[in-house]
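>>> Structural data only, the sequence is not supplied:
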């Protein structure tokens with residue numbers, strides 16, 4: 001698989017399979033097996049930018065303006081826009097935020113872990129940090145008097161109550177920090193520091209200490225964190241932006257020894273799993289990985305966004321799992337604190353489907369021939385699951401020929417529990433569906449449970 005760490009229109013590439021480094025720590029290996037069992041995470045990009053319905057953070061970077069500012073239609077003045085953006089904290093007041101309802105919806109949808117943006121590249125913090133006033137609990141932010149003002153604390157607590165694990169998204173870049181963008185919005189900006197680190201190493205050291213301090217606040221004061229999900233892959237030693245990540249990760253693991261770290265696109269011992277974005281790898285990978293894909297077209301809230309159909313979402317999940325990964329499905333909260341209704345409808349539909357077919361998803365591993373055409377395969381010990389995915393308006397057939405050359409002892413139709421008639425012939429498993437399943441147009445996928453000799 002070709003490796004890329006480039007970013008195109010805000011979408012990151014992902015590390016090649018051979019860049020993944022297997023940890024030596026038995027506890028971490030055990031936690032990565034736990035991670036691979038989960039299969040489905042709910043991702044949320046939320047911050048003051050949600051008020052504008054534009055891409056998160058990226059429009060602040062002049063070097064990324066060609067693609068990130070096409071929705072900025074009220075001003076052509078880049079410096080004025082950046083001032084306006086950085087002042088969005090003064091109007092961000094999501095008074096309809098109810099963390100318990102978010103957690104209930106995620107539980108109903110079958111999600112096993114939450115990936116939440118504690119801080120994106122713009123530097124706005126969704127927790128009560130002591131290291132900057134650019135935060136949700138600052139007096140400048142009207143939400144600071146709300147009972148749920150410390151959003152990360154309240155959200156994490158509610159999700160944990162429902163046995164949903166926590167993955168804390170944290171951007172290694174911080175475009176609000178005077179230690180990263182020293183001159184604010186005055187000079188031309190890019191995703192990188194506004195100064196030469198080699199010429200001003202003391203300033204970079206301030207940023208290193210600031211970043212370490214913020215990560216450790218989350219590790220010390222916000223309960224159990226299962227995954228530290230680090231974005232901004234260009235902030236790395238290879239680009240001359242060395243955060244000395246080893247120091248803060250090792251310190252964090254003194255408090256949370258189970259901590260998985262995803263230093264995405266960087267490679268090495270702190271990229272414990274690989275993170276394709278808005279894409280699915282071409283073929284199966286027998287290592288830990290997670291595709292983050294949006295329910296709509298955008299990671300952040302977008303007015304009148306177009307959402308994927310339930311069929312598309314379920315087929316995405318099946319493909320990701322059959323190729324060995326987890327699906328991090330992103331829903332973007334509204335600026336008022338609610339989750340958008342179309343997204344909630346999809347999530348509830350996904351949960352209903354998983355209530356029937358989840359045994360073929362959760363806790364499985366890859367199984368040859370993995371994924372091909374309309375067929376996908378997963379496995380648990382001596383049981384193989386096969387999915388046959390139907391196109392919209394496609395009627396279910398009487399006979400299905402599965403490209404599977406293993407010898408079957410028994411085949412059960414998941415959902416009904418009915419034993420099916422089958423034949424092993426010429427490298428195929430031919431199944432006969434019961435009459436009541438034939439001709440249906442509402443089927444998203446048939447799932448077959450194959451007991452292997």
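Everything's here; your move. Note that the coordinates shown come from a computational prediction; the quantities given were computed from them, not determined experimentally.
>>> In terms of secondary structure, what does the helix ranked longest in the chain contact?
Determined from DSSP state H, the single longest helix within the chain is helix 201-221. Where contact means 3 or more C-beta pairs under 8 Å, 6 or more residues apart in numbering; DSSP states H and E, helix 201-221 is packed against strand 165-171, strand 227-231, helix 245-255. All C-beta atoms are positioned from the backbone trio N, CA, C, and that covers glycine.
>>> Residue 309: what's it in contact with?
Taking C-beta atoms under 8 Å, 6 or more residues apart in numbering, we find residue 309 in contact with 346, 392.
>>> Run a quick neighbour tally on the closest residue to residue 400 other than its chain neighbours.
In this structure, residue 400 finds its nearest non-sequential neighbour in residue 431, 4.9 Å apart by C-beta to C-beta, 6 or more residues apart in numbering. Neighbourhood size, residue 431 [other C-beta atoms under 10 Å]: 23.
>>> what sits up against the longest helix of the chain?
By C-beta under 8 Å, 6+ apart, helix 201-221 touches 118-119, 125, 127, 129-132, 152-153, 168, 170, 172, 174, 177, 179-180, 182, 193, 195, 197, 225, 228, 241-244, 247-248, 251-252, 255-256, 259.
>>> ok, of those, which come out buried?
Among these, those scoring as buried are 118-119, 125, 127, 129, 132, 152-153, 168, 170, 172, 174, 177, 179-180, 193, 195, 197, 225, 228, 241, 243, 248, 252, 256, 259 (criterion: 16 or more other C-beta atoms under 10 Å).
>>> Which of those fall in helices?
Checked against DSSP H, the buried ones among the contacts of helix 201-221 include these in helices: 152, 153, 248, 252.
>>> For the first one, list the residues it contacts.
Meaning residue 152. Contacts of residue 152 (C-beta under 8 Å, 6+ apart): 116, 118, 126, 127, 168, 218, 222.
>>> pLDDT score for it?
Per-residue confidence at residue 152 stands at 98 (pLDDT).
>>> follow-up on the earlier one: helix or strand: which one has the residue nearest to residue 400?
Element membership of residue 431, judged by DSSP states H and E, is strand 428-432.
>>> That strand: partners in the sheet, and parallel or antiparallel?
strand 399-402 (antiparallel), strand 421-425 (antiparallel) (DSSP bridges).
>>> now, of these, which is deepest in the fold?
strand 399-402 (a mean of 17; mean count of other C-beta atoms under 10 Å).
>>> can you give me the helices in the stretch 301-450 of the chain?
310-322, 341-357 (DSSP state H, counting those that start in this stretch).
>>> now for the first one, which elements pack on it?
When contacts are defined as 3+ C-beta pairs under 8 Å, 6+ apart, helix 310-322 sits against strand 326-330, helix 341-357, strand 365-372, strand 375-380, strand 383-389, strand 445-452.
>>> May I see these arranged in JSON lines, with distance to residue 395, mean pLDDT and mean neighbour count as well?
Shown next, in JSON lines, are those (distance: least, C-beta to C-beta, whole Å; pLDDT from 0 to 100; neighbours: other C-beta atoms under 10 Å):
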{"stretch": "strand 326-330", "distance to residue 395": "28", "mean pLDDT": "98", "mean neighbour count": "25"}
{"stretch": "helix 341-357", "distance to residue 395": "19", "mean pLDDT": "98", "mean neighbour count": "17"}
{"stretch": "strand 365-372", "distance to residue 395": "22", "mean pLDDT": "96", "mean neighbour count": "17"}
{"stretch": "strand 375-380", "distance to residue 395": "18", "mean pLDDT": "98", "mean neighbour count": "22"}
{"stretch": "strand 383-389", "distance to residue 395": "13", "mean pLDDT": "97", "mean neighbour count": "23"}
{"stretch": "strand 445-452", "distance to residue 395": "12", "mean pLDDT": "96", "mean neighbour count": "20"}
